[in-house]
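*Asks:* Please find the sequence and the predicted model below.
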Amino acid sequence: MMTAIQGFLGPWWTLAWTLAKILVIVLPLMGAVAYLTLAERKIIGYMQVRIGPNRVGIKGILQPLADAGKLLFKEIIIPAKSNKYLFLLAPVLSIAPALAAWAVVPFSPELVLSNVDASLLFVMAITSMGVYGVIVAGWASNSKYAFLGAMRSAAQIVSYELAMGFALVGVLMAAQSLNLVEIVQGQEGGFWNWYFIPLFPLFVVYIVAGVAETNRAPFDVAEGESEIVAGFHVEYSGMAFAVFFLAEYANMILIAMLTSLMFLGGWDAPFHAAPFTWVPGFVWLAAKVSFVLLLFLWFRATFPRYRYDQIMRLGWKVFIPLTLAWLMVVGAAMQTPYGYLFH
Amino acid sequence: MNFETVIFYIFAAILLLSAARVVTAKSPIHAALSLVLAFFTAAAIWLLLEAEFLAITLVLVYVGAVTVLFLFVVMTLDFNVEKMRQGFWRHLPAALVAGGIMAAEMVLVLRTRTDNVAPRNFDVHYSNTKELGRLLYTDYVYPFELAAVLLLVAIIAAIALTLRRRKDTKYIDPADQVKVRREDRLRLVSMPAEKPARAAAEKTEG
């Protein structure tokens, strides 16, 4: 059947096939985003001894669909004297990088949309563009709250991106490759080979910087309700708001995915013995991603919001020196006979 | 004309248009955003040349960091476009001369390049990133380190020039904050919760 379609489409085959592969990644991702919102409300509910949403469907499992339906039918209000084009462009600018980064994310050694050589760099470059959605939204809204939120967010994202980048430098030193598939393959052979052990400080920095990059609690000063209502998206309603929401959750899943791939061994089973090898690699990967996502939700339910100056201090004066120091340790150790510990 | 050439012309058109918007846009915000688009399309053209490291670094550094800070500053400034447009015709001759010299220099550089700049067809395992790293850290290690030191000096100079200690700052050393114990701030005083019954009764009667 494939060859029949191939013959029918002729030169358009490559385009059609690539679009089909993109859909196969994006549609489950959107589903995961929808159910991550439900998981967040349920888990935080249980942590706070509440039940969480339980009205729509059995135990509330249809809640995300109800939310999406409600947001779709709401009116998009464009504030007076705002910049209409930029106002509507901002949500697109924030979701496009969140989805584009998935182009190079591998799900198994073969299952990757585009196995480019410098995929780690690509992910860093694409995710660094997400900040434009926030800045443009804050400026185009013609609102003081939105503008303050955008300013805070821009400063925060730029600061934490550095620490995140240095953490990734440690990973590529250990794997000696910029390719995500090769980085995972470098960790194969049980959990004691995963990079979170030799690169433990970088692992912690990466997760915390990931929480800060996605503007999640306790780093959510960009939308701090108690001070600036809802920050950069205060003027957005309906689907325009929903797109920001989708982007935030897609970014969370992306960070969790990258953490699993680079520090937790990706699709590698923790033990290469009987009961563990029966489980397919994709299930291990999904389990690791779910665990990191649980950490994100756990942080939100546990910690009070950081003060703005403390966020900046943590990023510049704690994380960056820490990552630099550990990079030196890794680099120096690789020149000694104990270098194998870091590979 | 093959597919790559078509893509090249599309990107080149977008690049030229957005670059023109950078200088013609009325609002500085629009100019900065056009600059982002120009950087991004330039990176796409580099990708066509199989220079993936340069392309991605252009996006990472210039789009992801430099222009964000640029936008940050431009947004907080109060621009008066009318005022900035004054004196356009007065400065035009000098600007034309400067622009003409720059254009002439570019033409000179480009004319000396007679060899074909089209990408060679490398094998599948060729990594532009690896080759670049090897060159930078072997043949060109001294110029590379020199440039790095120069940038470091510039960073320190920029901080030293703008650093000022405010006298009214309420900054508290976080180490001191952490070290505080309950005894430093709080004094527990033991007091009877109620007055003695007899005294209270006398008071109401009297």
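*Replies:* Yep, it's here.
*Asks:* Quick one: neighbours of A:L89, just the number.
*Replies:* By the criterion of other Cβ atoms under 10 Å in any protein chain shown, A:L89 has 17 neighbours. Yep, even glycine has a C-beta here, placed from its N, CA and C like the rest.
*Asks:* no, scratch that, I was asking about B:K167
*Replies:* Residues lying near B:K167 (other Cβ under 10 Å) number 5.
*Asks:* Just the element for it, please.
*Replies:* Under the criterion DSSP states H and E, no helix or strand holds B:K167.
*Asks:* Convert the C-alpha atoms of stretch B:57-67 to PDB, please.
*Replies:* Output in PDB follows, covering the C-alpha atoms of stretch B:57-67 (Å, rounded to 0.1, in the frame of the first residue of the first chain):
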ATOM      1  CA  THR B  57      25.000  29.500  17.200                       C
ATOM      2  CA  LEU B  58      23.700  32.500  15.400                       C
ATOM      3  CA  VAL B  59      20.200  31.700  16.600                       C
ATOM      4  CA  LEU B  60      21.400  30.800  20.100                       C
ATOM      5  CA  VAL B  61      23.500  33.900  20.700                       C
ATOM      6  CA  TYR B  62      22.000  36.600  18.600                       C
ATOM      7  CA  VAL B  63      18.300  35.700  18.600                       C
ATOM      8  CA  GLY B  64      18.200  33.900  22.000                       C
ATOM      9  CA  ALA B  65      20.300  36.400  24.000                       C
ATOM     10  CA  VAL B  66      21.500  39.600  22.400                       C
ATOM     11  CA  THR B  67      18.300  40.700  20.800                       C
END
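*Asks:* With adjacent residues omitted, what lies nearest to the residue in chain B positioned nearest to chain A?
*Replies:* In chain B, no residue comes nearer to chain A than B:G64, which is 2.8 Å away by Cβ to the nearest Cβ. Distances taken as Cβ to Cβ, 6 or more residues apart in numbering or on different chains place A:S128 nearest to B:G64, at 2.8 Å, with adjacent residues excluded.
*Asks:* isn't the one you found right up against A:E161?
*Replies:* Yes: if you go by Cβ atoms under 8 Å, A:S128 and A:E161 touch, sitting 5.8 Å apart.
*Asks:* who touches both of those two?
*Replies:* B:G64, B:A65 (Cβ atoms under 8 Å, 6 or more residues apart in numbering or on different chains).
*Asks:* tell me the contacts of the closest residue to A:A222 other than its chain neighbours?
*Replies:* Sequence neighbours aside, A:S153 is the residue nearest to A:A222 in space, at 3.5 Å (criterion: Cβ to Cβ, 6+ apart). A:S153 makes contacts with A:V131, A:V134, A:I135, A:G138, A:N215, A:A222, A:G231, A:F232, as judged by Cβ under 8 Å, 6+ apart.
*Asks:* and the closest residue in space to the fifth one that isn't next to it in sequence, how many neighbours?
*Replies:* Looking back up the chat, that one is A:N215. Of all residues not flanking A:N215 in the chain, A:A222 sits nearest, at 4.7 Å (Cβ to Cβ, 6+ apart). A:A222 has 25 neighbours, counted by other Cβ under 10 Å.
*Asks:* Also B:P174?
*Replies:* Other residues near B:P174 number 14, with proximity taken as other Cβ under 10 Å.
*Asks:* How about the residues of chain B by chain A?
*Replies:* Taking Cβ under 8 Å from any Cβ of the partner chain, the part of chain B that reaches chain A is made up of B:29, B:33, B:36, B:52-53, B:56-57, B:59-60, B:63-65, B:68-69, B:71-72, B:75-76, B:127-129, B:174.
*Asks:* Quickly check the contacts of A:S153 for the two that are furthest apart.
*Replies:* A:V131 and A:G231 (13.4 Å; Cβ to Cβ).
*Asks:* now the strands: where do they sit in chain B?
*Replies:* With DSSP state E as the criterion, chain B has no strands.
*Asks:* Disregarding flanking residues, what is the spatial nearest neighbour of B:F79?
*Replies:* In this structure, B:F79 finds its nearest non-sequential neighbour in B:P28, 5.4 Å apart by Cβ to Cβ, 6+ apart.
*Asks:* Of all residues in chain A, which one is closest to chain B?
*Replies:* Nearest residue of chain A to chain B, counting by Cβ to the nearest Cβ: A:S128, 2.8 Å away.
*Asks:* who in the stretch 1-150 of chain A is up against chain B?
*Replies:* Within reach of chain B by Cβ under 8 Å from any Cβ, the stretch 1-150 of chain A has these residues: A:86, A:116-118, A:121-122, A:124-126, A:128-129, A:131-132, A:135-136, A:139, A:147.
*Asks:* so of those, which ones are in helices?
*Replies:* A:L86, A:L121, A:F122, A:M124, A:A125, A:I126, A:V131, A:Y132, A:I135, A:V136, A:W139, A:F147 (DSSP state H).
*Asks:* For the third one, give me its contacts.
*Replies:* Applying Cβ under 8 Å, 6+ apart, one finds that A:F122 lies in contact with A:A101, A:A103, A:V104, A:V116, B:I56.
*Asks:* and it, how far is that from B:T129?
*Replies:* 11 Å (Cβ to Cβ, to the nearest Å).
*Asks:* next one: the fourth one
*Replies:* Note on A:M124: its distance to B:T129, by Cβ to Cβ, is 13 Å.
*Asks:* The two: which has the busier surroundings?
*Replies:* Higher neighbour count among A:M124 and B:T129: A:M124, with 22 against 19, using other Cβ under 10 Å.
*Asks:* on that earlier part again, most neighbours among the contacts of A:S153, which one is it?
*Replies:* Highest count within those by other Cβ under 10 Å belongs to A:F232, 32 neighbours.
*Asks:* Relative to A:F303, how far out is it?
*Replies:* A:F232 is 22 Å from A:F303, by Cβ to Cβ.
*Asks:* Please identify the helix or strand for A:F166.
*Replies:* Element membership of A:F166 [criterion: DSSP H and E] is helix A:144-175.
*Asks:* The helix or strand following that helix near chain B at all?
*Replies:* Per DSSP H and E, the first helix or strand lying C-terminal to helix A:144-175 is helix A:180-185. No: using Cβ under 8 Å from any Cβ, helix A:180-185 stays clear of chain B, coming no nearer than 11.1 Å.
*Asks:* What ranges does chain B have for its helices?
*Replies:* Under DSSP H, chain B gives helices at B:3-24, B:28-48, B:52-57, B:67-76, B:81-85, B:88-112, B:128-137, B:141-162, B:174-179, B:182-185, B:197-205.
*Asks:* Can I get those in CSV including distance to A:T323 and mean pLDDT?
*Replies:* Rendered in CSV, the data for these read as follows (distance: least, Cβ to Cβ, whole Å; pLDDT from 0 to 100):
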stretch, distance to A:T323, mean pLDDT
helix B:3-24, 35, 88
helix B:28-48, 26, 88
helix B:52-57, 19, 84
helix B:67-76, 21, 82
helix B:81-85, 42, 71
helix B:88-112, 40, 88
helix B:128-137, 20, 82
helix B:141-162, 18, 92
helix B:174-179, 19, 84
helix B:182-185, 34, 85
helix B:197-205, 67, 65
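*Asks:* I'd like those helices as TSV, with distance to A:L324 appended.
*Replies:* Output for those, formatted as TSV (distance: least, Cβ to Cβ, whole Å):
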stretch	distance to A:L324
helix B:3-24	35
helix B:28-48	27
helix B:52-57	20
helix B:67-76	21
helix B:81-85	42
helix B:88-112	38
helix B:128-137	19
helix B:141-162	13
helix B:174-179	20
helix B:182-185	35
helix B:197-205	69
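*Asks:* List just the nearest of the ones in helices among the residues of the stretch 1-150 of chain A next to chain B to A:I255.
*Replies:* Closest to A:I255, out of all of those and judged by Cβ to Cβ, is A:M124, at 11.9 Å.
*Asks:* Against B:V22, how distant is the most centrally placed residue in chain B?
*Replies:* Taking Cα atoms, centre = their mean, the centroid of chain B lies closest to B:V66, which sits 1.7 Å from it. To B:V22, B:V66 is 14 Å away according to Cβ to Cβ.
*Asks:* Domain ranges for chain B, per the record?
*Replies:* By the assignment in automatic domain parsing, chain B contains the domains B:1-80, B:128-163.
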